[in-house]
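A.B. asks: Predicted structure and sequence below. I'll ask about it afterward.
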Amino acid sequence: MKVDAEVAVGSPVEVVELARKAEEFGFDCFWVNEIKHDPFVQLALAAQSTKKIALGTSIALAFTRSPTTLAYTAWDLQSVSQGRLLLGLGTQVKGHLERRFGMKWEAPAPKMKEVIRAMRSVWRSWQDGTKLDFNGRFFKLDLMSPFFSPGPIEHPSIPIYVAGVNEGMCSLAGAVADGLHVHPLHTMRYLRDAIVPAVGEGLVKAGRKKEEVAIAASVFAAVGETSREIENIRESYRGQVAFYASTRTYRKVMELHGWGDICDRLHELSTKGDWEKMASEIGDDVLDEFVVQGTWSGIGRTIENRYKGFADRVRLYLPFDGDEKWKDLVAGFRA
(Lines give C-alpha, C1' and ligand atoms only; values in the text may rest on other atoms or scores of the structure.)
Protein backbone atom coordinates (compact mmCIF):
# COMPACT_ATOMS: atom_id res chain seq x y z
CA MET A 1 0.00 0.00 0.00
CA LYS A 2 1.29 3.45 -0.94
CA VAL A 3 1.00 6.44 1.38
CA ASP A 4 0.43 9.85 -0.17
CA ALA A 5 0.12 13.47 0.93
CA GLU A 6 -2.46 16.04 -0.14
CA VAL A 7 -2.27 19.79 0.37
CA ALA A 8 -4.76 22.64 0.61
CA VAL A 9 -2.72 25.80 0.20
CA GLY A 10 -3.53 29.45 0.75
CA SER A 11 -1.30 30.41 -2.17
CA PRO A 12 0.07 28.25 -5.01
CA VAL A 13 3.63 29.34 -4.19
CA GLU A 14 3.41 27.32 -0.95
CA VAL A 15 3.39 24.16 -3.04
CA VAL A 16 7.07 24.49 -3.94
CA GLU A 17 8.37 23.86 -0.42
CA LEU A 18 5.59 21.47 0.59
CA ALA A 19 6.26 19.22 -2.41
CA ARG A 20 9.96 19.18 -1.62
CA LYS A 21 9.25 18.15 1.97
CA ALA A 22 6.74 15.49 0.95
CA GLU A 23 9.40 13.92 -1.24
CA GLU A 24 12.00 14.21 1.53
CA PHE A 25 9.65 12.56 4.07
CA GLY A 26 9.14 9.57 1.78
CA PHE A 27 5.57 10.00 0.53
CA ASP A 28 4.70 8.20 -2.70
CA CYS A 29 2.57 10.91 -4.28
CA PHE A 30 1.91 14.62 -3.77
CA TRP A 31 -1.74 15.44 -4.52
CA VAL A 32 -3.24 18.88 -5.09
CA ASN A 33 -6.91 19.77 -5.45
CA GLU A 34 -9.10 22.23 -7.31
CA ILE A 35 -10.88 24.09 -4.54
CA LYS A 36 -9.45 27.61 -4.44
CA HIS A 37 -6.56 27.36 -6.92
CA ASP A 38 -5.82 25.81 -10.30
CA PRO A 39 -4.35 22.34 -9.69
CA PHE A 40 -2.23 22.36 -12.82
CA VAL A 41 -0.46 25.57 -11.82
CA GLN A 42 0.30 23.94 -8.47
CA LEU A 43 1.73 20.80 -10.07
CA ALA A 44 3.88 22.81 -12.47
CA LEU A 45 5.45 24.47 -9.43
CA ALA A 46 5.77 21.17 -7.55
CA ALA A 47 7.52 19.55 -10.49
CA GLN A 48 10.31 22.12 -10.28
CA SER A 49 11.19 21.34 -6.64
CA THR A 50 11.00 17.52 -6.80
CA LYS A 51 12.60 14.68 -8.71
CA LYS A 52 11.02 11.35 -7.76
CA ILE A 53 7.65 11.73 -6.03
CA ALA A 54 4.53 11.22 -8.16
CA LEU A 55 2.44 14.36 -8.73
CA GLY A 56 -1.33 14.13 -8.95
CA THR A 57 -4.62 16.00 -9.04
CA SER A 58 -7.30 15.01 -6.57
CA ILE A 59 -9.10 16.24 -8.44
CA ALA A 60 -9.12 18.49 -11.49
CA LEU A 61 -12.55 19.28 -12.90
CA ALA A 62 -13.15 17.51 -16.20
CA PHE A 63 -16.35 19.16 -17.38
CA THR A 64 -15.13 22.75 -17.08
CA ARG A 65 -12.48 22.04 -19.72
CA SER A 66 -12.53 20.45 -23.16
CA PRO A 67 -10.78 17.07 -23.61
CA THR A 68 -8.21 18.73 -25.86
CA THR A 69 -7.44 21.41 -23.27
CA LEU A 70 -6.95 18.71 -20.65
CA ALA A 71 -4.78 16.75 -23.06
CA TYR A 72 -2.45 19.71 -23.69
CA THR A 73 -2.07 20.51 -19.99
CA ALA A 74 -1.46 16.91 -18.95
CA TRP A 75 1.01 16.37 -21.81
CA ASP A 76 3.07 19.36 -20.74
CA LEU A 77 3.00 18.39 -17.06
CA GLN A 78 4.01 14.83 -17.89
CA SER A 79 6.94 16.16 -19.88
CA VAL A 80 7.98 18.70 -17.25
CA SER A 81 7.78 16.13 -14.44
CA GLN A 82 9.53 13.44 -16.51
CA GLY A 83 6.67 10.97 -16.32
CA ARG A 84 5.40 11.52 -12.77
CA LEU A 85 1.86 12.78 -13.44
CA LEU A 86 -1.27 11.05 -12.11
CA LEU A 87 -4.19 12.84 -13.73
CA GLY A 88 -7.15 12.71 -11.37
CA LEU A 89 -10.46 13.92 -12.79
CA GLY A 90 -13.85 14.62 -11.22
CA THR A 91 -17.24 15.76 -12.43
CA GLN A 92 -18.26 18.27 -9.72
CA VAL A 93 -21.91 18.29 -8.64
CA LYS A 94 -24.67 19.75 -10.78
CA GLY A 95 -25.26 22.96 -8.82
CA HIS A 96 -21.63 24.05 -8.88
CA LEU A 97 -21.10 23.09 -12.50
CA GLU A 98 -24.09 25.14 -13.63
CA ARG A 99 -24.08 28.02 -11.16
CA ARG A 100 -20.38 28.48 -10.32
CA PHE A 101 -18.92 27.66 -13.74
CA GLY A 102 -21.85 28.30 -16.06
CA MET A 103 -21.41 24.94 -17.77
CA LYS A 104 -23.99 22.47 -18.99
CA TRP A 105 -24.74 19.44 -16.80
CA GLU A 106 -25.00 16.23 -18.82
CA ALA A 107 -24.97 12.50 -18.04
CA PRO A 108 -21.82 12.40 -15.87
CA ALA A 109 -20.62 8.82 -16.25
CA PRO A 110 -21.05 8.59 -20.05
CA LYS A 111 -19.51 12.02 -20.49
CA MET A 112 -16.52 11.23 -18.26
CA LYS A 113 -15.94 8.04 -20.23
CA GLU A 114 -15.91 10.07 -23.41
CA VAL A 115 -13.55 12.68 -21.96
CA ILE A 116 -11.04 9.95 -21.13
CA ARG A 117 -11.25 8.29 -24.53
CA ALA A 118 -11.09 11.61 -26.34
CA MET A 119 -7.96 12.64 -24.43
CA ARG A 120 -6.28 9.35 -25.23
CA SER A 121 -7.14 9.81 -28.90
CA VAL A 122 -5.48 13.22 -28.85
CA TRP A 123 -2.41 11.82 -27.09
CA ARG A 124 -2.08 9.01 -29.66
CA SER A 125 -2.20 11.53 -32.48
CA TRP A 126 0.69 13.42 -30.89
CA GLN A 127 2.78 10.42 -29.94
CA ASP A 128 2.28 8.21 -33.00
CA GLY A 129 1.31 10.73 -35.64
CA THR A 130 -2.00 8.95 -36.28
CA LYS A 131 -4.95 10.94 -37.58
CA LEU A 132 -7.18 12.34 -34.87
CA ASP A 133 -10.63 10.91 -35.44
CA PHE A 134 -12.84 10.80 -32.36
CA ASN A 135 -16.58 10.84 -32.88
CA GLY A 136 -18.68 10.59 -29.71
CA ARG A 137 -21.96 11.66 -28.23
CA PHE A 138 -20.52 14.78 -26.56
CA PHE A 139 -17.32 15.48 -28.48
CA LYS A 140 -16.18 15.29 -32.07
CA LEU A 141 -12.44 15.76 -32.63
CA ASP A 142 -10.95 15.31 -36.08
CA LEU A 143 -8.56 18.21 -36.59
CA MET A 144 -4.95 18.14 -35.37
CA SER A 145 -2.58 19.64 -37.90
CA PRO A 146 1.20 19.34 -37.30
CA PHE A 147 1.35 23.03 -36.44
CA PHE A 148 -0.73 22.41 -33.29
CA SER A 149 0.79 19.08 -32.29
CA PRO A 150 3.44 19.21 -29.51
CA GLY A 151 4.80 15.91 -30.80
CA PRO A 152 5.92 12.81 -28.88
CA ILE A 153 7.28 12.79 -25.35
CA GLU A 154 9.43 10.33 -23.42
CA HIS A 155 6.61 9.13 -21.10
CA PRO A 156 3.39 9.14 -23.13
CA SER A 157 1.35 6.84 -20.85
CA ILE A 158 -0.45 9.13 -18.40
CA PRO A 159 -2.45 7.33 -15.67
CA ILE A 160 -5.98 8.67 -15.29
CA TYR A 161 -7.80 8.47 -11.95
CA VAL A 162 -11.53 9.12 -11.71
CA ALA A 163 -13.33 10.36 -8.60
CA GLY A 164 -16.31 8.16 -7.80
CA VAL A 165 -18.91 7.68 -5.08
CA ASN A 166 -21.84 5.94 -6.70
CA GLU A 167 -21.98 2.74 -8.74
CA GLY A 168 -21.90 4.30 -12.19
CA MET A 169 -18.66 6.23 -11.79
CA CYS A 170 -16.96 3.43 -9.85
CA SER A 171 -17.85 0.95 -12.58
CA LEU A 172 -16.56 3.43 -15.16
CA ALA A 173 -13.22 3.57 -13.33
CA GLY A 174 -12.97 -0.20 -13.53
CA ALA A 175 -13.73 -0.17 -17.23
CA VAL A 176 -11.57 2.64 -18.61
CA ALA A 177 -9.48 4.39 -15.91
CA ASP A 178 -6.18 3.58 -14.23
CA GLY A 179 -7.37 4.48 -10.76
CA LEU A 180 -10.33 5.50 -8.60
CA HIS A 181 -10.31 8.37 -6.12
CA VAL A 182 -12.50 7.31 -3.19
CA HIS A 183 -14.23 10.29 -1.60
CA PRO A 184 -13.41 10.85 2.10
CA LEU A 185 -17.12 10.43 2.89
CA HIS A 186 -16.96 6.65 2.90
CA THR A 187 -17.13 3.88 5.45
CA MET A 188 -15.36 0.55 5.29
CA ARG A 189 -18.72 -1.10 4.76
CA TYR A 190 -19.49 1.14 1.81
CA LEU A 191 -16.01 0.57 0.39
CA ARG A 192 -16.36 -3.19 0.75
CA ASP A 193 -20.02 -3.62 -0.26
CA ALA A 194 -20.48 -0.89 -2.87
CA ILE A 195 -17.31 0.63 -4.27
CA VAL A 196 -15.08 -2.43 -4.73
CA PRO A 197 -17.87 -4.56 -6.32
CA ALA A 198 -18.77 -1.71 -8.72
CA VAL A 199 -15.14 -1.36 -9.81
CA GLY A 200 -15.09 -5.13 -10.27
CA GLU A 201 -18.15 -5.01 -12.53
CA GLY A 202 -16.40 -2.48 -14.74
CA LEU A 203 -13.28 -4.62 -14.88
CA VAL A 204 -15.26 -7.69 -15.94
CA LYS A 205 -17.17 -5.81 -18.65
CA ALA A 206 -13.92 -4.45 -20.10
CA GLY A 207 -11.99 -7.71 -19.74
CA ARG A 208 -9.43 -6.12 -17.46
CA LYS A 209 -7.55 -7.33 -14.39
CA LYS A 210 -7.88 -6.03 -10.84
CA GLU A 211 -4.30 -4.77 -10.75
CA GLU A 212 -4.98 -2.47 -13.70
CA VAL A 213 -7.00 -0.09 -11.50
CA ALA A 214 -5.60 1.40 -8.28
CA ILE A 215 -8.03 2.41 -5.53
CA ALA A 216 -6.88 5.58 -3.76
CA ALA A 217 -8.69 6.49 -0.55
CA SER A 218 -8.79 9.83 1.21
CA VAL A 219 -9.18 9.14 4.93
CA PHE A 220 -10.81 11.20 7.67
CA ALA A 221 -8.01 10.66 10.21
CA ALA A 222 -8.00 12.26 13.67
CA VAL A 223 -4.32 12.26 14.53
CA GLY A 224 -2.26 13.97 17.22
CA GLU A 225 0.25 13.53 20.00
CA THR A 226 -2.27 13.76 22.85
CA SER A 227 -5.82 12.52 23.36
CA ARG A 228 -7.03 16.12 23.42
CA GLU A 229 -5.44 16.89 20.05
CA ILE A 230 -6.96 13.75 18.58
CA GLU A 231 -10.40 14.58 19.98
CA ASN A 232 -10.27 18.16 18.67
CA ILE A 233 -9.57 16.99 15.13
CA ARG A 234 -12.20 14.27 15.42
CA GLU A 235 -14.76 16.92 16.36
CA SER A 236 -13.78 19.07 13.39
CA TYR A 237 -14.76 16.18 11.12
CA ARG A 238 -18.31 16.20 12.51
CA GLY A 239 -19.07 19.36 10.56
CA GLN A 240 -17.23 18.11 7.49
CA VAL A 241 -19.22 14.87 7.41
CA ALA A 242 -22.42 16.89 7.80
CA PHE A 243 -21.44 19.20 4.95
CA TYR A 244 -20.78 16.34 2.53
CA ALA A 245 -23.79 14.30 3.65
CA SER A 246 -26.09 17.24 2.94
CA THR A 247 -25.38 16.77 -0.78
CA ARG A 248 -27.69 14.21 -2.34
CA THR A 249 -24.85 12.86 -4.49
CA TYR A 250 -23.50 11.14 -1.37
CA ARG A 251 -26.84 9.87 -0.08
CA LYS A 252 -26.19 6.21 -0.89
CA VAL A 253 -23.24 6.13 1.51
CA MET A 254 -25.56 7.13 4.34
CA GLU A 255 -28.47 4.98 3.17
CA LEU A 256 -26.38 1.83 3.37
CA HIS A 257 -26.22 2.37 7.14
CA GLY A 258 -29.88 3.40 7.46
CA TRP A 259 -29.07 7.09 7.80
CA GLY A 260 -31.13 8.42 4.92
CA ASP A 261 -33.24 10.54 7.28
CA ILE A 262 -30.09 12.33 8.45
CA CYS A 263 -29.35 13.26 4.84
CA ASP A 264 -32.84 14.70 4.46
CA ARG A 265 -32.48 16.89 7.53
CA LEU A 266 -29.00 18.01 6.52
CA HIS A 267 -30.13 18.91 3.02
CA GLU A 268 -33.01 20.96 4.41
CA LEU A 269 -30.67 22.81 6.78
CA SER A 270 -28.23 23.52 3.94
CA THR A 271 -30.94 25.02 1.74
CA LYS A 272 -31.84 27.34 4.62
CA GLY A 273 -28.21 28.24 5.20
CA ASP A 274 -28.27 26.87 8.76
CA TRP A 275 -24.68 25.62 8.51
CA GLU A 276 -23.98 25.86 12.24
CA LYS A 277 -26.81 23.45 13.12
CA MET A 278 -25.71 20.74 10.72
CA ALA A 279 -22.87 19.25 12.78
CA SER A 280 -25.29 18.35 15.60
CA GLU A 281 -27.06 15.93 13.23
CA ILE A 282 -23.95 13.72 13.13
CA GLY A 283 -23.95 11.50 16.22
CA ASP A 284 -20.93 9.70 17.63
CA ASP A 285 -22.09 6.40 16.12
CA VAL A 286 -22.09 7.98 12.64
CA LEU A 287 -18.77 9.73 13.16
CA ASP A 288 -17.12 6.50 14.31
CA GLU A 289 -17.87 4.89 10.95
CA PHE A 290 -16.11 7.64 9.02
CA VAL A 291 -13.17 8.61 11.22
CA VAL A 292 -10.06 6.63 12.13
CA GLN A 293 -7.92 7.97 14.96
CA GLY A 294 -4.52 7.55 16.56
CA THR A 295 -1.12 9.09 17.25
CA TRP A 296 1.27 10.18 14.51
CA SER A 297 3.48 7.16 15.11
CA GLY A 298 0.59 4.68 15.27
CA ILE A 299 -1.92 5.95 12.71
CA GLY A 300 0.00 4.50 9.76
CA ARG A 301 -0.33 0.93 11.02
CA THR A 302 -3.97 1.54 11.99
CA ILE A 303 -4.90 2.81 8.53
CA GLU A 304 -2.97 0.06 6.76
CA ASN A 305 -4.72 -2.63 8.81
CA ARG A 306 -8.09 -1.03 8.11
CA TYR A 307 -7.66 -0.61 4.36
CA LYS A 308 -5.50 -3.59 3.48
CA GLY A 309 -7.14 -5.52 0.67
CA PHE A 310 -9.48 -2.66 -0.21
CA ALA A 311 -7.19 0.25 -1.16
CA ASP A 312 -3.88 0.46 -2.99
CA ARG A 313 -2.95 3.90 -1.79
CA VAL A 314 -4.19 6.11 1.04
CA ARG A 315 -3.77 9.70 2.18
CA LEU A 316 -5.04 11.73 5.10
CA TYR A 317 -7.84 14.19 4.45
CA LEU A 318 -5.89 16.37 6.87
CA PRO A 319 -3.77 18.70 4.68
CA PHE A 320 -0.04 18.08 4.64
CA ASP A 321 1.71 21.10 6.20
CA GLY A 322 5.34 19.99 6.11
CA ASP A 323 5.69 19.51 9.87
CA GLU A 324 8.23 16.91 11.00
CA LYS A 325 5.47 14.86 12.63
CA TRP A 326 4.46 13.59 9.18
CA LYS A 327 7.69 11.61 9.11
CA ASP A 328 6.26 9.43 11.87
CA LEU A 329 3.19 8.77 9.76
CA VAL A 330 5.29 7.56 6.84
CA ALA A 331 7.50 5.50 9.15
CA GLY A 332 4.41 3.78 10.55
CA PHE A 333 3.38 2.67 7.07
CA ARG A 334 6.86 1.54 6.13
CA ALA A 335 7.11 -0.52 9.32
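C.D. replies: Thanks, I have it.
A.B. asks: residues near Tyr72, how many?
C.D. replies: By other C-beta atoms under 10 Å, the residues close to Tyr72 number 17. C-beta here means a position set from N, CA and C on the backbone, and glycine is covered the same way.
A.B. asks: And the residue nearest to Ala54 when sequence neighbours are not counted, how far from Phe147?
C.D. replies: Leaving out its chain neighbours, the residue that sits closest to Ala54 by C-beta to C-beta, 6 or more residues apart in numbering is Cys29, at 3.9 Å. Separation of Cys29 from Phe147 (C-beta to C-beta, to the nearest Å): 35 Å.
A.B. asks: quick one, which of the two is more surrounded?
C.D. replies: Legend: neighbour count by other C-beta under 10 Å for Cys29 and Phe147, higher for Cys29 (21 against 5).
A.B. asks: Please name the residues that touch the more buried one.
C.D. replies: By C-beta atoms under 8 Å, 6 or more residues apart in numbering, Cys29 lies in contact with 2, 4-5, 53-56, 86, 313, 315.
A.B. asks: Run through the protein and note the low-pLDDT ranges.
C.D. replies: For the chain, no stretch has pLDDT under 70.
A.B. asks: Go ahead and flag the most central residue of it.
C.D. replies: Computing the C-alpha centroid of the chain and ranking residues by C-alpha atoms, centre = their mean puts Ser58 first, at 3.5 Å.
A.B. asks: In this structure it contacts Trp31, no?
C.D. replies: Yes. With contact defined as C-beta atoms under 8 Å, Ser58 reaches Trp31; the gap is 4.1 Å.
A.B. asks: Overlap of the contact sets of the two?
C.D. replies: 6, 88, 315.
A.B. asks: now, which of those residues sits nearest Lys36?
C.D. replies: Of all these, Lys36 sits closest to Glu6, with 13.9 Å by C-beta to C-beta.
A.B. asks: for the residue nearest to Ile53 when sequence neighbours are not counted, phi and psi?
C.D. replies: Using C-beta to C-beta, 6+ apart and skipping the chain neighbours, the partner closest in space to Ile53 is Glu23 (4.1 Å). Main-chain torsions, Glu23, degrees, to the nearest 10: phi -70, psi -40.
A.B. asks: can you give me the strands in the chain?
C.D. replies: Taking DSSP state E as the test, the strands found in the chain are 2-6, 29-32, 54-57, 60-61, 85-90, 134-135, 140-141, 160-164, 179-182, 214-224, 291-295, 313-316.
A.B. asks: And the contacts of the fifth one?
C.D. replies: The reference is to strand 85-90. 29, 31, 43, 54-62, 70, 74, 77-78, 112, 115-116, 158-163, 179, 181.
A.B. asks: doesn't Ile282 make contact with Tyr243?
C.D. replies: You called it Tyr, but residue 243 is Phe. No. Using C-beta under 8 Å, Phe243 makes no contact with Ile282, being 9.9 Å away.
A.B. asks: So the two - more neighbours on which side?
C.D. replies: Applying other C-beta under 10 Å to Phe243 and Ile282 shows that Ile282 carries more neighbours, namely 21 against 16.
A.B. asks: So that one versus Tyr190, what's the distance?
C.D. replies: Distance of Ile282 to Tyr190, computed by C-beta to C-beta: 16 Å.
A.B. asks: Ok, Leu55 next?
C.D. replies: Noted for Leu55: a distance of 29 Å to Tyr190, by C-beta to C-beta.
A.B. asks: which one of these two has more residues nearby?
C.D. replies: When neighbours are counted by other C-beta under 10 Å, Leu55 and Tyr190 differ, and Leu55 comes out ahead with 27 against 23.
A.B. asks: list the contacts for that one?
C.D. replies: By C-beta under 8 Å, 6+ apart, Leu55 lies in contact with 19, 29-30, 32, 43, 46-47, 77, 81, 84-86.
A.B. asks: Setting aside sequence neighbours, what's the nearest residue to Glu6?
C.D. replies: Among residues not flanking Glu6 along the chain, Trp31 sits closest, at 4.1 Å (C-beta to C-beta, 6+ apart).
A.B. asks: Val3 is in contact with the one you found, correct?
C.D. replies: No. Assessed by C-beta under 8 Å, Trp31 is found out of contact with Val3, at 11.5 Å.
A.B. asks: Scan this structure for its longest helix.
C.D. replies: Counting residues, the longest helix in the chain under DSSP state H turns out to be helix 108-128.
A.B. asks: wouldn't Glu201 be in contact with Gly168 here?
C.D. replies: No. In this structure Glu201 lies outside contact range of Gly168 using C-beta under 8 Å: 10.3 Å.
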